[in-house]
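# Predicted model follows, preceded by the sequence.
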Amino acid sequence: MALLPLLFFPDPRLQTVAKPVPAMDERIRRLVADMLETMYEAKGIGLAATQVDVHERVIVIDVSEQRDQAVVLINPQVVWNSSTTHLNEEGCLSVPGIYDGVERFDAVTVSALDGTGQSRVVQAEGLLAVCIQHEMDHLLGKVFVEYLSPLKRNRIKKKMLKAQREDAR
Ligand code: K1U
Ligand code: ZN
């Protein structure tokens, strides 16, 4: 397994729309294992392949306390969403140190392949539902800061670019 380098906002590669995974093979199994290792190391609760510069529809999530209940979603599709929404505090491994409220559906049902290539349907609510929606946005090239006002987004962009310039020194 290997740790994968993350892309950071406002890297334009985060805007790439991911393509469906053509087949579950050794390459995808290795990508899933590496993404899980990267997510756990970064102390995240989710990670989309877009964030590691792989533009295929792969998501890993673990919202459990013990960090032992990984959910792998390959080629996920939302098949149902609740009629109600809620404002949730979100963060993003690609926008470190920034947290803000985003309106999300309270519950979603997603169909996908799991890490073994089996079809499955995931009914999610609470933090899992929020995380699934956040990660599925990444696959569409959307970072959560796009839901914020242009003023906030531009402040975040400047802050990130400054931090990246200082890190490069
Ligand atoms: O996709 C990512 O960048 C991972 C992201 C997932 C996420 C967190 C919170 C709400 C929605 C999606 C993170 O894991 S950020 C770090 C984190 O563990 C966290 C941050 C805020 C609340 C809960 C967890
Ligand atoms: Zn994110």
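Arrived safely, thanks for sending. Numbers count the residues shown, from 1 in each chain. Ligands and ions are numbered 1, 2, ... in the order given.

# Backbone dihedrals for Ala112, please?
phi -170, psi 170 (degrees, to the nearest 10).

# For it, give the beta-bridge partners.
Arg120 (DSSP bridges).

# What ranges does the chain have for its helices?
Along the chain, the segments classed as helices by DSSP state H run 26-41, 126-139, 150-168.

# Among those helices, which comes closest to Gln51?
The stretch from those with the least distance to Gln51 (CB to CB) is helix 126-139; that distance is 6.0 Å. In this view, the C-beta of every residue, glycine as well, is placed from N, C-alpha and C.

# Which elements pack onto that closest one?
strand 46-48, strand 58-61, strand 71-81, strand 85-90, strand 100-105, strand 107-113, strand 119-125 (3 or more CB pairs under 8 Å, 6 or more residues apart in numbering; DSSP states H and E).

# Rebuild the ones you listed as TSV, extending it with mean pLDDT.
Listed next are the helices and strands packed on helix 126-139 as TSV, based on pLDDT from 0 to 100:
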stretch	mean pLDDT
strand 46-48	99
strand 58-61	98
strand 71-81	98
strand 85-90	98
strand 100-105	98
strand 107-113	98
strand 119-125	98
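
# For Pro150, find the nearest of those.
Nearest of the helices and strands packed on helix 126-139 (CB to CB): strand 100-105, 13.6 Å.

# Contacts only, for Ser149.
Going by CB atoms under 8 Å, 6 or more residues apart in numbering, Ser149 touches no other residue.

# Report pLDDT for it.
If you check Ser149, the pLDDT there is 98.

# Could you check how far it is from ligand 1?
19 Å (CB to the nearest ligand atom, to the nearest Å).

# likewise Ser94?
Distance from Ser94 to ligand 1, by CB to the nearest ligand atom: 5 Å.

# Any chance of the backbone angles for that residue?
Note on Ser94: its backbone torsions stand at phi -90, psi 0 [degrees, to the nearest 10].

# how about it, what does it touch?
Ser94 touches Leu6, Leu7, Phe8, Phe9, Asp11, Leu14, Gln51, His138, Val143, counting by CB under 8 Å, 6+ apart.

# Around ligand 1, pick out the residues from the chain.
Residues of the chain found near ligand 1, taking CB under 6 Å from any ligand atom as the criterion, are 43-48, 89-94, 99, 130-131, 134-135, 138.

# was I right about Ala33 contacting Leu4?
No: with contacts counted by CB atoms under 8 Å, Ala33 stays clear of Leu4, the gap being 10.4 Å.
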